[in-house]
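A.B. asks: 3D, please:
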Amino acid sequence: MTLRSLWTTVALLALLSASTAAQRVVRVGLHDARPVAFEKDGQPAGFGVVLLEQIADEEDWELEWVHGTWSECLAWLKTGELELLFPMLRTPEREQRFDFTEQGLYAGWGRVAAIAGFELESLLDLEARRVAVVKDDIFGEELARQTRGLVRPPVLVAYPELSAAVQAAINGEVEAVVGENLALHFLIEGRDLHSTPVVVAAGQPHFATRGGEGAELLAALDRHLIALKNDPGSIYHEAYDEWLGLRRTDEWPVWLPGAITVGAVLLAVSTLFAAMLRTQLRARSAELVARSEALLEQIREREHAETERRVLRESLRHAQKLQLAGQLASGVAHDVRNLLTVISAHAERVRDSSTESGSTLASLGVVERAASEAADMTRSLVAFSRKIEARQEKVDLGAFVQETGVMIERSLPGNVSLQVTPPLAPVWVIADPGQLRQVVLNLALNAREAMTAGGRLSLVVLRSSEREVSLRVSDTGQGMDAELRERVFEPFFTTKQDSGGTGLGLATVRELVSEQDGRIEIDSTPGEGTEITVTWPAARAPRYRVPDVAAGQGESVLVAVSTPQVRQIVASALLAAGFKPLQARSHEELAEWTSREAPGLQALLLEESLLNGEGGALVGKMFVARPQLAFATVGATGSGELPAEAPSDTVRLGDSYRVAELGRVLRRLIDARAVPLVPSDAGGAA
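C.D. replies: Residues are numbered from 1 along each chain as shown. Below is the predicted model of the structure:
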């Protein structure tokens, strides 16, 4: 080796050593938070670990992993022994002690898992039960808060890690365990525990630092997270699919060792190249300092824009929380509708068989109307959140507003009066009753909020022209200036931050009115109140034809409904009407009927959700084998797709049907298959 080569090698090694010495060391807490962060085969692993290591490589950080329990890592972060900890949910209490990234890792929530044999449906079922929680974990604290009002709250037993809490449940020390949904699913898979529908909190896990420290660290993490999320081919989405999605890799691919070797060589070369670049950057540092004054002036000019951007980020975070809450709420809507069907059916049965009169029958009527209204509002909520087709029908707007006014009046304070003025003659519109009720309630309650010192709320229904019908909602509140009137329908714009306003009430009203082919106008003057006018196309009054039909004559009807209570109610009603009900509760039982001999089977009554998956093909086979079969469906219209083999006169009753009408519908389908079940004029503008 020549002297020149020797000096070149020494210089390169010196540069490489200087590069390594200049790396920033970041102490990161590692606790068992699988599949986001945990120790696997002696090395850090998980979704969050993959992301952090990628960012550290690009930022030239050296990560020093500090192992401990969740409680230990949290205590070390408080004392400054750790610089970074994840995953951590943001709460007002934690924000007083820690700083967080603006970007979350993913959408998560807390869930309760139970031991075999413990059917846990709600928080009420946890009364006096032993529940395992993780020490200093937000989900355990939230569960304690939500169950504080029980007569005998659950006994919460704290464990250092979620894995220890799960093991305690398996050992029989506790009956349930609460933890982050993904981590809990990861730990109980293949074990004698099952997930339950009980959810205790929702939010996005973040990276966190000690309060007042690590601002530069958090800013770099946010910058990389935004770029990775916006790139569909980035490591963020690959790691999400691997650790949090439907796919999970348990073994190393055969090509990975070679790729690691190549990556190590490339890393060494890139490190050397980075050291050379840093030398050049030092030489230009004086020039950058000279330009700093100009950059500072530009930064001052951008401060206003940054403030606006921060407001938008807060609005986006709020929207994500509302979206998650909507998903959780719509997830239980199906069960709620089934319970309302059971309530309505039993109320009908009691009324039809009762010999009482007067107040007893009136009370039953109130129960039936309340159940019907609750079913409409639940279906409307699901239709709005899932963007499914709404149930359009003719509505007498004057009578509808009068009925809704009774509900509104109960919510008004004593210093606010209500005046409802119906039209002289009925006026009809075509709308979804649940969505229409949401429009009226939002407008009325928004007017109530404007009258903090009391006043008068007025609801007026009138025919505004030959082809239009209007609802005017006016108040005597504080009114609005021109600037507020321009922004009042913007999503998330609210003047009631202190009282918890979301800024979505009037935005939702405008969306619903637009879906109903209507328009909305506002007139307001400061100090003189506000008047909002909603106008819809007028519809012709309905003319119903209700043919006389006989009850059942012993025909067999296959009732395919998944919910036991609803299936029993429907079967009992058909039996009382003279039919012979046969029952199926799943795809498996439905498949048996495609080949089973049933000479007297005349009709199929099917829950629409059973059309999903293989259900549509099974129903199609039944119609191929029995082309004379009458067909009707119940449940949310649009939750399943009718097979091509279904008869053309199939009746879709939706989820607001009355059990008493099922016999009449089936009778008409079996006998005539052509008698209309809707008003003879289907609607249209007057």
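
A.B. asks: for the host helix or strand of Ala399, what does the pLDDT average out to?
C.D. replies: Assigned by DSSP states H and E, Ala399 belongs to helix 397-410. Confidence for helix 397-410, expressed as mean pLDDT, is 86.

A.B. asks: contacts for it?
C.D. replies: 418, 420, 422-423, 426-429, 433, 436-437, 440-441, 444-445, 457, 459, 461, 469, 471, 536 (CB atoms under 8 Å, 6 or more residues apart in numbering). Glycine gets a C-beta too; all of them are placed from N, C-alpha and C.

A.B. asks: go with 7 Å
C.D. replies: Identification of contacts with helix 397-410 by CB atoms under 7 Å, 6 or more residues apart in numbering yields 418, 420, 422-423, 426-429, 436-437, 440-441, 444, 459, 461, 469, 471.

A.B. asks: report the buried residues of the helix or strand harbouring Val624.
C.D. replies: Using DSSP H and E, Val624 maps to helix 615-625. For helix 615-625, burial by neighbour count (16 or more other CB atoms under 10 Å) applies to Gly615, Gly616, Leu618, Val619, Gly620, Lys621, Met622, Phe623.

A.B. asks: in its sheet, which strands sit next to the helix or strand that comes right after it, and in what direction?
C.D. replies: Later in the chain than helix 615-625, the nearest helix or strand by DSSP H and E is strand 630-634. Strand 630-634 sits in its sheet next to strand 601-607 (parallel), strand 651-652 (parallel), going by DSSP bridges.

A.B. asks: hey, C-alpha coordinates of the first one in PDB?
C.D. replies: To tie it back to what came earlier, the one meant is strand 601-607. Once non-C-alpha atoms are left out, strand 601-607 reads as follows in PDB (Å, rounded to 0.1, in the frame of the first residue of the first chain):
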ATOM      1  CA  LEU A 601     -93.500 -23.900   1.100                       C
ATOM      2  CA  GLN A 602     -95.200 -20.900  -0.500                       C
ATOM      3  CA  ALA A 603     -93.200 -17.800   0.600                       C
ATOM      4  CA  LEU A 604     -89.800 -16.700   1.800                       C
ATOM      5  CA  LEU A 605     -89.500 -13.800   4.400                       C
ATOM      6  CA  LEU A 606     -85.800 -12.900   4.600                       C
ATOM      7  CA  GLU A 607     -83.700 -10.400   6.600                       C
END
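
A.B. asks: how about the helices in the stretch 301-450 of the chain?
C.D. replies: For the stretch 301-450 of the chain, applying DSSP state H, counting those that start in this stretch gives helices covering 333-353, 359-386, 397-410, 433-449.

A.B. asks: just the mean pLDDT for the longest one, thanks.
C.D. replies: This points to helix 359-386. 62.

A.B. asks: OK, contacts around Glu468?
C.D. replies: Contacts of Glu468 (CB under 7 Å, 6+ apart): Thr535, Trp536, Pro537, Ala538.

A.B. asks: check the gap between it and Ala425 for me.
C.D. replies: Glu468 sits 15 Å away from Ala425, going by CB to CB, to the nearest Å.

A.B. asks: same deal with Glu119?
C.D. replies: For Glu119, the distance to Ala425 (CB to CB) stands at 54 Å.

A.B. asks: would you agree Val134 is in contact with Glu141?
C.D. replies: No - if you go by CB atoms under 7 Å, Val134 and Glu141 don't touch, sitting 10.1 Å apart.

A.B. asks: between those two, who's got more neighbours?
C.D. replies: Per other CB atoms under 10 Å, whichever of Val134 and Glu141 has more neighbours is Val134, with 27 against 16.

A.B. asks: what's opposite the more buried one in the beta bridge?
C.D. replies: Tyr159.

A.B. asks: rounded mean pLDDT for stretch 509-521, please.
C.D. replies: Averaged over stretch 509-521, pLDDT sits at 88.

A.B. asks: circling back: in PyMOL, select just the buried ones from the contacts of helix 397-410.
C.D. replies: Provided next is the PyMOL selection string for whichever of the contacts of helix 397-410 are buried by 16+ other CB under 10 Å:
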select buried, resi 418+420+422+423+427+428+429+436+437+440+441+444+459+461+469+471
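
A.B. asks: among the contacts of helix 397-410, which are in strands?
C.D. replies: Among the contacts of helix 397-410, DSSP state E puts Leu418, Val420, Trp428, Val429, Leu459, Val461, Val469, Leu471 in strands.

A.B. asks: how far away is the fourth one from Asp517?
C.D. replies: What it means is Val429. Per CB to CB, Val429 is found 9 Å from Asp517.

A.B. asks: overlap in contacts of those two?
C.D. replies: Trp536.

A.B. asks: neighbours of Cys73, how many?
C.D. replies: 23.

A.B. asks: would you quantify the distance from it to Glu83?
C.D. replies: Applying CB to CB, the value for Cys73 to Glu83 is 12 Å.

A.B. asks: can you check Ala374 too?
C.D. replies: Distance, Ala374 to Glu83, by CB to CB: 52 Å.

A.B. asks: higher neighbour count, these two?
C.D. replies: Glu83 (21 against 17).

A.B. asks: surely that one is in contact with Glu216?
C.D. replies: No - in this structure, Glu83 is not within contact of Glu216 by CB under 7 Å, at 10.9 Å.

A.B. asks: tabulate the buried residues of helix 615-625 (TSV), appending pLDDT and distance to Glu592.
C.D. replies: TSV is the format used below for the buried residues of helix 615-625 (pLDDT from 0 to 100; distance: CB to CB, whole Å):
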residue	pLDDT	distance to Glu592
Gly615	86	13
Gly616	87	17
Leu618	88	10
Val619	88	13
Gly620	88	16
Lys621	87	12
Met622	87	11
Phe623	86	16
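
A.B. asks: which among the residues you listed gets closest to Trp65?
C.D. replies: Gly615 (49.4 Å; CB to CB).

A.B. asks: how close does the closest one get to Val651?
C.D. replies: Taken as CB to CB, the span from Gly615 to Val651 is 18 Å.
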